[in-house]
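In: have a look; sequence and predicted model below, questions after that.
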Amino acid sequence: MEISYRLVIFGLALWLCGDVSLRGVTPVDLAQLRKQLVVAEEADDKPAIIELNRRIVAVVPNDSHAWENIVQGQFEIEDYDRVAETLEAWQKAVKRPPAAIEHFRGDLAAKLKDYANAERHWLAFLARKPSPGDAAAIYDKLANLCADQSRWADCASYHAKAIAAKDSASRRVAHACVLLRLRQWDAAYAEIAKANKIDSTDNEVKTWLPQFERLEEFLPQIRALDVQIAKSPNDSALLLDRARLFTLAERPLLALDDCERAMKLEPASMRARIQNGEALLDVGQPDDAAKLQISSNLARDKDKHVSDQALRELSNEDTQIAQNSGNAESLAARAKTLRDLRQIPLALVDARAALAIDDKLAAAHLEAAHDLDALDRSKEALIHAVKATELNPNDGAAWYYRGVLEAGRADFPAAIESLTRSLKLGETLEALRKRENCQRRIGRIDNANADLKRIRELE
């Protein structure tokens, strides 16, 4: 009788608040709601599940299972404003709020990128002494939260606590990966070995073990650089050398750490910029690479990495420019290296810097011509190409490129003349093919056929 009386009083209160649908709810009605809930859950009808559980807690405010279902449903439909309201109502509806409320509040804060409160609520949940499985799951979340903030030491600590709560192969792998970020090589390899021993068929183990094995090939060189960097932490060249090894080992995040340090030490270093951009592209951050003016067109070798030769050239050119900022030749040379890497805006900056120092430098004009043409500014490009041939009339490559630009602007007689000058300085198939085409365009068929004959001889 007492229970029925309380239900009637609660139903009357709801009616007074305007919720007519719950007036006079009886235990029979409640049983019907629960049956309807089973049907809704079988149909995975989330709005219905939320509504039916809402009606249940209106009758039985201390039904934490129903409250939990509401919150879960609201999370699934990403109705985070309602999640906050529901958690507040749940807190007030029960005499002893369950630990799950803290768990959900942590989840909500994490969804909203409120990392400090997420950590606070999850730690409060852990203070309630949950089961080992639940504790391990929360430690996993805390570790991931720290990873999002690059708090690697805290991340490793939480992974270790998750393992202590409930060990598994996948948790050992996660811990090993974070230990790599901390460059704790021995500890990382010990963890991946334990993971493999626990369950060699685990998907995480099968994914990560080959990657650890690849990195292991480079570890002797990396360890040697670790020692040198510990003695000279501000040596950007050493950092970039180690970053290169990480890139070759397919560990771009480790490479990025070293590249970013190197760039802070040497902001003008193009080698640091290129390696930094490559690492950002490798970790899937093209927008951040673009902020460094590194495009996704970055030229790579067959191994999908920037070539060693290009990095050596950039390193030498950086050094020469750093030693003498007025070295126009080195700026022009670096412009060519950057162009070969398909980083045209950066190349043009160097070409123009070289010309600002020495506007009589043919190589700088030729580089500017290439860069401007790549940016679809052929008219400006031709001006520089003409200047390059005037300053150095013995450069066959400059005459060839001038001819290409002239042909592109449909000035075929001029193009033929330039290409002929190039061929006199050194015969190439490219120049012959281009001249043959130009001669056909203006009806010089005999000359074109003569070029074609020579092309076939050379081929």
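Out: Thanks, I have it. Every value quoted in this text rests on a predicted model; they were computed, and no experiment measured them.
In: gap between whichever strand or helix holds Lys194 and the chain center?
Out: Assigned by DSSP states H and E, Lys194 belongs to helix 185-198. Computed by Cα atoms, centre = their mean, to the nearest Å, the chain-centroid distance of helix 185-198 equals 26 Å.
In: which residues sit against it?
Out: For helix 185-198, the external contacting residues (Cβ atoms under 8 Å, 6 or more residues apart in numbering) are 167-170, 172-173, 175-177, 179-180, 202, 204-205, 208-209, 212, 216, 219, 222-223. (Glycine included, C-beta is placed from N, CA and C.)
In: in helices, which of those appear?
Out: Under the assignment DSSP state H, the contacts of helix 185-198 contribute 169-170, 172-173, 175-177, 179-180, 204-205, 208-209, 212, 216, 219, 222-223 to helices.
In: among those, which ones are buried?
Out: If you count burial by 16 or more other Cβ atoms under 10 Å, the buried members of the ones in helices among the contacts of helix 185-198 come out as 169-170, 172-173, 175-177, 179-180, 204-205, 208-209, 212, 222.
In: of these, which is the nearest to Ala58?
Out: Within those, distances to Ala58 taken as Cβ to Cβ reach their minimum at Ser170, with 41.0 Å.
In: just to check, that closest one is in contact with Lys206?
Out: No - contact criterion Cβ atoms under 8 Å: Ser170 and Lys206 do not qualify, at 10.9 Å.
In: for Glu329, see how far away Ile274 is.
Out: Relative to Glu329, Ile274 is positioned 20 Å away (criterion: Cβ to Cβ, to the nearest Å).
In: repeat for Ala347
Out: 15 Å.
In: of the two, who's got more company?
Out: Between Ala347 and Glu329, counting by other Cβ atoms under 10 Å, Ala347 is the more crowded of the two (25 against 17).
In: list the helices and strands the helix or strand hosting the more buried one packs on?
Out: Ala347 is part of helix 344-357 when elements are defined by DSSP H and E. In this structure, helix 344-357 packs against helix 270-282, helix 328-340, helix 362-374, with contacts taken as 3 or more Cβ pairs under 8 Å, 6 or more residues apart in numbering; DSSP states H and E.
In: with distance to Ala93 and mean pLDDT added, can I get those helices in CSV?
Out: Output for those, formatted as CSV (distance: least, Cβ to Cβ, whole Å; pLDDT from 0 to 100):
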stretch, distance to Ala93, mean pLDDT
helix 270-282, 49, 98
helix 328-340, 66, 97
helix 362-374, 67, 98
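In: how about a markdown table for those helices, with distance to Ala410 added?
Out: As requested, the helices and strands packed on helix 344-357 are exported to a markdown table (distance: least, Cβ to Cβ, whole Å):
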| stretch | distance to Ala410 |
| --- | --- |
| helix 270-282 | 36 |
| helix 328-340 | 25 |
| helix 362-374 | 15 |
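In: quick check: which ranges of this structure have low pLDDT?
Out: Applying pLDDT under 70 to the chain flags the ranges 1-28.
In: what's the neighbour count on Lys424?
Out: Other residues within reach of Lys424 by the criterion other Cβ under 10 Å amount to 11.
In: following whichever strand or helix holds it, which helix or strand shows up next?
Out: For Lys424, the host element (DSSP H and E) is helix 412-425. Sequence-wise, the next helix or strand beyond helix 412-425 is helix 429-441, with elements assigned using DSSP H and E.
In: could you dump stretch 153-169 to PDB, C-alpha only?
Out: Provided in PDB are the C-alpha atoms of stretch 153-169 (Å, rounded to 0.1, in the frame of the first residue of the first chain):
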ATOM      1  CA  ALA A 153      55.200  10.500 -19.200                       C
ATOM      2  CA  ASP A 154      51.700  10.700 -17.700                       C
ATOM      3  CA  CYS A 155      50.400   8.600 -20.600                       C
ATOM      4  CA  ALA A 156      52.900   5.900 -19.900                       C
ATOM      5  CA  SER A 157      52.000   5.900 -16.200                       C
ATOM      6  CA  TYR A 158      48.300   5.500 -16.800                       C
ATOM      7  CA  HIS A 159      49.000   2.600 -19.300                       C
ATOM      8  CA  ALA A 160      51.100   0.900 -16.600                       C
ATOM      9  CA  LYS A 161      48.200   1.300 -14.100                       C
ATOM     10  CA  ALA A 162      45.800  -0.100 -16.700                       C
ATOM     11  CA  ILE A 163      48.100  -3.200 -17.100                       C
ATOM     12  CA  ALA A 164      48.300  -3.600 -13.300                       C
ATOM     13  CA  ALA A 165      44.500  -3.500 -13.100                       C
ATOM     14  CA  LYS A 166      43.900  -6.000 -15.900                       C
ATOM     15  CA  ASP A 167      46.800  -7.200 -18.100                       C
ATOM     16  CA  SER A 168      46.300  -7.800 -21.800                       C
ATOM     17  CA  ALA A 169      48.400  -8.000 -25.000                       C
END
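In: how near is Trp152 to Leu182?
Out: Distance from Trp152 to Leu182, by Cβ to Cβ: 5 Å.
In: just the element for Asn316, please.
Out: Assigning secondary structure by DSSP H and E places Asn316 in helix 308-323.
In: for Asn117, same thing?
Out: Counting by DSSP H and E, Asn117 is part of helix 115-127.
In: pull the residues that contact that helix.
Out: Contacts of helix 115-127 with the rest of the structure, by Cβ under 8 Å, 6+ apart, involve 99-100, 102-103, 105-107, 109-110, 135, 138-139, 141-142, 145, 148-149.
In: go through stretch 435-449 and flag the buried ones.
Out: Residues of stretch 435-449 classed as buried: Arg435, Glu436, Asn437, Cys438, Gln439, Arg440, Arg444, Asn447, Ala448 (neighbour count, 16+ other Cβ under 10 Å).
In: quick one: neighbours of Ile455, just the number.
Out: The tally of other residues near Ile455 (other Cβ under 10 Å) stands at 14.
In: contacts only, for it.
Out: Ile455 sits next to Leu429, Leu432, Arg433, Glu436 when contact means Cβ under 8 Å, 6+ apart.
In: and Trp152 and Leu182? which has more neighbours close in?
Out: Neighbours around Trp152 and Leu182, counted as other Cβ under 10 Å, are more numerous at Trp152. The numbers are 18 against 13.
In: thought that one was touching Ala143?
Out: No - because the distance of 10.1 Å does not satisfy Cβ under 8 Å, Trp152 is recorded as not touching Ala143.
In: can you list residues touching both of those two?
Out: Common neighbours of Trp152 and Ala143 (criterion: Cβ under 8 Å, 6+ apart): Val178.
In: who touches the helix or strand Asp288 falls within?
Out: Asp288 is part of helix 286-291 when elements are defined by DSSP H and E. Judged by Cβ under 8 Å, 6+ apart, the contacts made with helix 286-291 from elsewhere in the structure are Asn276, Gly277, Leu280, Leu281, Ser295, Ser296.
In: now those as a markdown table including neighbour count and distance to Gly73?
Out: Converted to a markdown table, the contacts of helix 286-291 look like this (neighbours: other Cβ atoms under 10 Å; distance: Cβ to Cβ, whole Å):
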| residue | neighbour count | distance to Gly73 |
| --- | --- | --- |
| Asn276 | 25 | 44 |
| Gly277 | 27 | 44 |
| Leu280 | 24 | 39 |
| Leu281 | 19 | 40 |
| Ser295 | 17 | 45 |
| Ser296 | 11 | 41 |
